[in-house]
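A.B. asks: Here is a sequence with its predicted model. Questions after.
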Protein chains: 4
Amino acid sequence: MIKVGIVGGTGYTGVELLRILATHPEAEVSCITSRSEAGLAVADLYPNLRGHYDLAFSEPDPDTLAQCDLVFFATPHGVAMRLAPELIARGTRVVDLSADFRIKDLDVWAKWYGMPHETPEWAEKAVYGLPEVARAAIRDAQLVANPGCYPTAVQLGLIPLLENGLVKTDRIIADAKSGASGAGRQANVGMLHGEIGESFKAYGASGHRHLPEIRQGLVAASGDSQLGVTFVPHLVPMIRGIEATLYAELNNPADFDRLQSLYEARYRDEPFVDVLPFGSHPDTRSVRGANHCRMALHRQEDSNLVIITSVIDNLVKGAAGQAVQNMNVMFGLQENLGLQAPAMLP
Amino acid sequence: MIKVGIVGGTGYTGVELLRILATHPEAEVSCITSRSEAGLAVADLYPNLRGHYDLAFSEPDPDTLAQCDLVFFATPHGVAMRLAPELIARGTRVVDLSADFRIKDLDVWAKWYGMPHETPEWAEKAVYGLPEVARAAIRDAQLVANPGCYPTAVQLGLIPLLENGLVKTDRIIADAKSGASGAGRQANVGMLHGEIGESFKAYGASGHRHLPEIRQGLVAASGDSQLGVTFVPHLVPMIRGIEATLYAELNNPADFDRLQSLYEARYRDEPFVDVLPFGSHPDTRSVRGANHCRMALHRQEDSNLVIITSVIDNLVKGAAGQAVQNMNVMFGLQENLGLQAPAMLP
Amino acid sequence: MIKVGIVGGTGYTGVELLRILATHPEAEVSCITSRSEAGLAVADLYPNLRGHYDLAFSEPDPDTLAQCDLVFFATPHGVAMRLAPELIARGTRVVDLSADFRIKDLDVWAKWYGMPHETPEWAEKAVYGLPEVARAAIRDAQLVANPGCYPTAVQLGLIPLLENGLVKTDRIIADAKSGASGAGRQANVGMLHGEIGESFKAYGASGHRHLPEIRQGLVAASGDSQLGVTFVPHLVPMIRGIEATLYAELNNPADFDRLQSLYEARYRDEPFVDVLPFGSHPDTRSVRGANHCRMALHRQEDSNLVIITSVIDNLVKGAAGQAVQNMNVMFGLQENLGLQAPAMLP
Amino acid sequence: MIKVGIVGGTGYTGVELLRILATHPEAEVSCITSRSEAGLAVADLYPNLRGHYDLAFSEPDPDTLAQCDLVFFATPHGVAMRLAPELIARGTRVVDLSADFRIKDLDVWAKWYGMPHETPEWAEKAVYGLPEVARAAIRDAQLVANPGCYPTAVQLGLIPLLENGLVKTDRIIADAKSGASGAGRQANVGMLHGEIGESFKAYGASGHRHLPEIRQGLVAASGDSQLGVTFVPHLVPMIRGIEATLYAELNNPADFDRLQSLYEARYRDEPFVDVLPFGSHPDTRSVRGANHCRMALHRQEDSNLVIITSVIDNLVKGAAGQAVQNMNVMFGLQENLGLQAPAMLP
């Protein structure tokens, strides 16, 4: 039984970790922290967990956390950067769901997150936890930087093209859309149902924190350090789900004929990536509550553009589910343990 | 391993049965029928099931169905009435999610469902499958009539009062609200997102099919054949969930003091009924995707009215989940097998 | 041209006043105040008003406001109570959309609003602004207390019964449902789209501030100071709209035959009350953005209960629209001026 | 007073025409047809119109329609093509909201709409009714082809770039998103609230009917017959609204500095096009129910791509509102007559 701790458990990624781990046969949550809600029973904040957990939120205490085999950080950026290294030093492995260890270029990180990085050596050591790309490294990692939600949907959709050098790397476009839970559970007028419940808009169109993370992943996949990607996120009046519509230009139009089989081959052995038939339209509900990424390829007449539509649940494959998948890999468990339930449709 | 068949699998209760049974350790779906979609792979109609089922829909065939240990009917009314008896005669047990066997008074049934009942002897033999009331009878039943969604939420909320004769039985009111999935998956202009996605209304306020079913259950619980109940359903712009706000007048206001403990005692050993602290407000999301019914009691100043708010997921405790709970009871399994995952929140 | 001021213009009732007044031929908004947003252009906070207003929010200044013919208060409770009397003393008429002057019993007011009333004489002088009941008094009023949203829907639905003494006054039930805009535009985790966008629940079931306001109106209509009413509000995952399902017991069942004509007669000359055919189901979208209240009567078999379903837009007939209707009455204008556009459907 | 007829009034564009025309001071609807609903009162199908129209739907009758000054066609494609020419021959002017007369290349039209065009001479004579481009021609037109919803949002967002030859015309991308009302009011399982109310997806990603219409408009604006545009529509779980995120590559990056002023100048005199400050994020609610198109420009670091986000209400500027705007132009009225109300927010 893996003894699990969760730091910062009151947000949506925290409750989602609890939901998933509630049925995980090999992991047990022994500690969940929250400064704001210390003392409150988890089930009083999240009634869906009544009967599943006796646990109460506690003040974060390094000694207690260090007794865990694994600690998940579901905290705002800046927290794991300071606390994780101590836990690792004491033998606890860490999966950080925040952005603290995702970006290797710390000047870029500092610019987008508005603070200097305080533990650069760990930013370097951290393994970027996209299992479809870094499974072997994750297996032995002490510290896993769990990918962001948008970056997961975008990278999985594009890497087969980039790994094979099939597209022009100077004008990739990722037009992505997310449900409201992606903004977390903060009091914020802009996220009230009355404000966004029946509206749609782009945001961060001039630049978003996930852009450098996306670019880092695509550069790695393509080997082209000059790769240029445009990323525009949008807010959808739904709770869960991300859809990314991706545009890339083939170097050789003839390659269109082999794209479908190339994608299928790339992901054949991946438990959580599902390539639909050419021309399909995956919808976000087909992955709601599940750890899958489903995608499909499209071509329009007289066009060299490959269009990929990729969907995930931002709280599962885009956060807590991928974190549990990483835990399974780190501890040598069957990779889909605790993640086998189908998506909830309708 | 219980060999399961599903008749009429293309609707929302059908896909919900498949979703739940996909992780049930003791049951296996060996056959799922649909006249309209015969030949289509289940996963092609419901992409959330990709990777979970190889099954395709087939024409309903009594010989194939009779080889199942249990057959679920997820059909419009009038189908199970004709087909179930033959299967039972051949040794297959049946849980009917339709209304065919719910009402004992067949004149009442005929009036509300617009056809004469064709197998009255089975309407009499059928066990009304509300485990919290009829567990023992369900255990041995060949035919279980799975309760309707509204009747489940309303009966569970009121029976502790009625079993103990605490309220006036001539003026009970059930004001209930349901998400759109309760109307099923039929092409219907009135259920388009464009029509109901941002609106709220009552429907069937002058009379609804679930009224006689509710009344039958409340009469049984109270022993008062003259019991009078008013039931008004409403349509909520959400997909899943039912909330019932119930009003009943105490015979003796002093009883208010013991109501909470009485409800807690009544449901203490029930795996799927959760009585919240007095004055709580259960929300439908706290049971979304789960088989629980959560409820709370309220009193307003200077009032003899007991107010109970009761929530379920109409597709789970209101349909497929309760059907699987009944299967577990019928086959002597742990009652919550396959039904242990927490509700999905957010 | 009526010179209009608005105090507290940043909330949903404020922007709704601006939306309605933008096309009102006889009124002009000359001043709109907000402590928090002073200096900000109205159109920068509310882009739907771009091109309609040059106005910016200003600090509330009695001298400026006193130059208005009419001032609307769209403020939290406690503000109008202090500021309105001074303006009235200087000859400005006031319509208060807050709760400060709605309740005549100031002990009751103090109990529900958590503060002593500071201008009791004005609470007494204020006219409760439900034009369908108090048109003549509104015409001459210096201070109009604009009714709450729930109380408007509930009173309009019940007064024909109560004015005619047709129902038992000791067990009236109002089960009401509202969209999220009713909670205003405050940063509040509980009103995030992620929390309520796909859920339904009751709230305030043990007591809500609108209960005494409702009771006061029903007592006045019935003349029965002992009248008892139960009121349970619910939160609907939509932005605008209130539906109230009302239950009252006829003294004489024979009266059912004349109820429809009685309701039609009561409201025949009312520009904003629409009685639908018996057994209809008005939906909230049929009044979205409009100042109408639509209602219908229902009877269930073997029942003495009259069931009335009544719908309004909580921000229009439940707030800003009714305030403009009151202004029209106060200034002798055609009552529907600026309020003639049909509801927006779909 | 302009005597108006509407052919095919039961769909969403039909009811939207009625909603807008209800307050138009210079137009009167004298006739509205529907084969399916002939005889039914308009207000019985659309309760929001109760009190606004006495009209009932009638069988389409050329003699009656020919007595109108203007007839709007709100019909499926293939109807106006056959009926409009006769009306025009009899002196009635026509605005066709369907696709029959939008595409000049009739081979392209026939391919996308699945039938040969039956009145090619009128397809040639018809004026494409985008007033911001063709105002003068619309003024004298007998037949106006009202633009599609997506094409309106996309063309308005891109034409300032194309008219000035600022961008590469071989790789324009339009990633557009629409609410559910865009699919019309047809019984269709795929548009049920239960199917799409909490999900997001692309559709028509391999080719959509609006692509050739968009391309025709962009070719005209740019003068480049080889122009290449990729268009991917998406379905948003809301009722009204379209957002288009547009990507085009500047020939000369230095032009970024003058784009904002260029857009503002292009639309300065347009009553219904609103250019927001650089870097803004217009949301669809800011135009809900209004005839405006609001747009903003964006640039991402180290990128030559111009990003334009453009929003309209698909039923107003994308259909009925633009049709009324065209009517106003055709009859020499003030262009915003009947279209002055602000959008409804929240």
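C.D. replies: Noted; the coordinates are in hand.
A.B. asks: where do the helices sit along the stretch 201-346 of chain A?
C.D. replies: Ranges of helices in the stretch 201-346 of chain A, per DSSP state H, counting those that start in this stretch, are A:210-222, A:256-267, A:321-330.
A.B. asks: and the stretch 201-346 of chain A, which residues reach chain C?
C.D. replies: Contact residues (C-beta under 8 Å from any C-beta of the partner chain) of the stretch 201-346 of chain A with chain C: A:237-239. In short, each C-beta sits where N, CA and C put it, glycine included.
A.B. asks: Flag every residue of the stretch 51-200 of chain A that's near chain D.
C.D. replies: So far as C-beta under 8 Å from any C-beta goes, the stretch 51-200 of chain A lies against chain D at A:171, A:173, A:175, A:177, A:179, A:194-196, A:198-200.
A.B. asks: Look up the pLDDT of A:G9 for me, please.
C.D. replies: The model reports A:G9 with a pLDDT of 88.
A.B. asks: Now do the same for it: helix, strand or coil?
C.D. replies: Assigned with DSSP: H, G, I helix; E, B strand; the rest coil, A:G9 falls in the coil class.
A.B. asks: Repeat that for A:S30.
C.D. replies: Classification of A:S30 using three-state DSSP returns strand.
A.B. asks: Need the phi and psi values for the residue nearest to it when sequence neighbours are not counted.
C.D. replies: For A:S30, the nearest residue in space outside its immediate sequence neighbours is A:K3; the separation is 5.0 Å by C-beta to C-beta, 6 or more residues apart in numbering or on different chains. When quoted as degrees, to the nearest 10, the phi and psi of A:K3 stand at phi -90, psi 120.
A.B. asks: Quick check: bridge partners of A:K3?
C.D. replies: A:E28 (DSSP bridges).
A.B. asks: That one touches A:L65, doesn't it?
C.D. replies: No - at 10.3 Å, A:K3 does not count as touching A:L65 under the criterion of C-beta atoms under 8 Å.
A.B. asks: Which one's more surrounded, these two?
C.D. replies: A:L65 (24 against 15; other C-beta atoms under 10 Å in any protein chain shown).
A.B. asks: what's the burial count for the residue nearest to the more buried one when sequence neighbours are not counted?
C.D. replies: Spatial nearest neighbour of A:L65, excluding adjacent residues (C-beta to C-beta, 6+ apart): A:G5 at 4.7 Å. If you count neighbours by other C-beta under 10 Å, A:G5 ends up with 26.
A.B. asks: Count the residues that sit near the residue nearest to A:T284 when sequence neighbours are not counted.
C.D. replies: Nearest residue to A:T284, sequence neighbours excluded (C-beta to C-beta, 6+ apart): A:G241, at 2.9 Å. A:G241 has 32 neighbours, counted by other C-beta under 10 Å.
A.B. asks: Give me the distance between A:G241 and A:L235.
C.D. replies: Here the distance between A:G241 and A:L235 works out to 12 Å (C-beta to C-beta, to the nearest Å).
A.B. asks: again, but for A:E121
C.D. replies: A:E121 is 37 Å from A:L235, by C-beta to C-beta.
A.B. asks: Fine by me, we can end here.
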